[in-house]
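Student: quick one, structure for this:
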Amino acid sequence: MSGIPITIYTDGAAKGNPGPGGYGIVLMSGPHYKELSQGFRLTTNNRMELLSVCVALEMLKTENCSVLIYSDSRYVVDAIEKDWIGGWVKRNWKNVKNPDLWSRYLRIASKHRVKFQWIRGHNGNKYNEVCDALAVAASNGKDLLVDDWYEKYGRDQQTLI
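Tutor: The predicted structure follows:
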C-alpha cells in the first residue's frame with residue numbers, strides 16, 4: 001500500500017473538436033513532481049480529458065495508491081462521481097462514447113483508491129493552467145500520434161467495443 005497520497009491534475013485539448021488534440025498531466029507525491037503531455041493528429045477534447053486520467057494512473061508504480069485527481073472536465077468527473085459509468089457498464093457500453101477509454105480507465109482505477117475533484121478551468125489554478133498549457137502545446141506539436149480508436153471508428157465509436 002502506498003502511504004503517500006498522490007495528487008494528479010489533468011487536462012485535454014482539441015482544436016476543431018475533432019481535430020489535433022493533446023493532454024497535459026501534473027503528478028505530485030511528497031517531493032516528487034512530474035509533467036507529461038502528448039499530442040494526437042485527430043481526436044476530441046473529451047477523449048483527451050479522459051486519456052489524460054488513464055495515462056496518469058498508468059504512471060503509478062505501486063498499486064493501492066490513494067489518488068486525488070483534479071480535472072476541469074465535467075464529462076470525466078461526473079461520469080465517475082455520479083456513477084454514470086456504472087450504468088454504462090450495465091448497458092454493455094451501448095450508446096456510450098469513448099468505450100475504449102472508459103474500459104481502460106476502469107482497469108487501471110481498480111488498482112487504486114481514486115477520487116475526483118472538479119475545478120473550474122481557466123480560473124487561475126496553477127496546476128490546471130500548467131496542464132492546459134501542456135495539452136495545447138502537445139496538440140500543436142509536430143510528431144502527433146494516431147488516436148487509433150477515434151480514427152478507425154470516428155463518430156460511430158460508441159457502438160463498438
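Student: please enumerate the strands of this protein.
Tutor: 6-14, 19-29, 32-43, 66-71, 113-118 (DSSP state E).
Student: quick one: closest of these to residue 129.
Tutor: strand 6-14 (8.9 Å; CB to CB). For the C-beta atoms, the positions are set from N, CA and C on the backbone; glycine is no exception.
Student: show me what counts as buried in that closest one.
Tutor: By 16 or more other CB atoms under 10 Å, the buried positions in strand 6-14 come out as 6-14.
Student: could these be laid out in TSV, adding distance to residue 120 and pLDDT?
Tutor: Below are the buried residues of strand 6-14 laid out as TSV (distance: CB to CB, whole Å; pLDDT from 0 to 100):
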residue	distance to residue 120	pLDDT
6	22	97
7	17	98
8	17	98
9	13	98
10	14	98
11	12	98
12	16	97
13	16	96
14	19	96
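Student: and the helices in the protein?
Tutor: 45-58, 74-81, 84-90, 99-109, 126-139, 148-153 (DSSP state H).
Student: need those helices in JSON lines (columns: mean pLDDT and distance to residue 25).
Tutor: Converted to JSON lines, those look like this (pLDDT from 0 to 100; distance: least, CB to CB, whole Å):
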{"stretch": "helix 45-58", "mean pLDDT": "98", "distance to residue 25": "5"}
{"stretch": "helix 74-81", "mean pLDDT": "97", "distance to residue 25": "13"}
{"stretch": "helix 84-90", "mean pLDDT": "95", "distance to residue 25": "21"}
{"stretch": "helix 99-109", "mean pLDDT": "97", "distance to residue 25": "14"}
{"stretch": "helix 126-139", "mean pLDDT": "97", "distance to residue 25": "6"}
{"stretch": "helix 148-153", "mean pLDDT": "90", "distance to residue 25": "19"}
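Student: which one of the buried residues of strand 6-14 sits closest to residue 38?
Tutor: residue 12 (10.5 Å).
Student: so what's the closest one up against?
Tutor: By CB atoms under 8 Å, 6 or more residues apart in numbering, residue 12 lies in contact with 21-24, 45-52, 73, 135.
Student: among these, which pair sits farthest apart?
Tutor: Most distant of the contacts of residue 12, by CB to CB, are 24 and 46, 15.0 Å apart.
Student: between these two, who's got more neighbours?
Tutor: For residue 24 versus residue 46, neighbours defined as other CB atoms under 10 Å are more numerous around residue 24 (28 against 19).
Student: relative to residue 121, how far out is the more buried one?
Tutor: With distances taken as CB to CB, to the nearest Å, residue 24 is found 12 Å from residue 121.
Student: returning to that earlier point: Throw the strands of the chain into TSV and include distance to residue 84, thanks.
Tutor: Converted to TSV, these look like this (distance: least, CB to CB, whole Å):
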stretch	distance to residue 84
strand 6-14	18
strand 19-29	21
strand 32-43	21
strand 66-71	15
strand 113-118	12
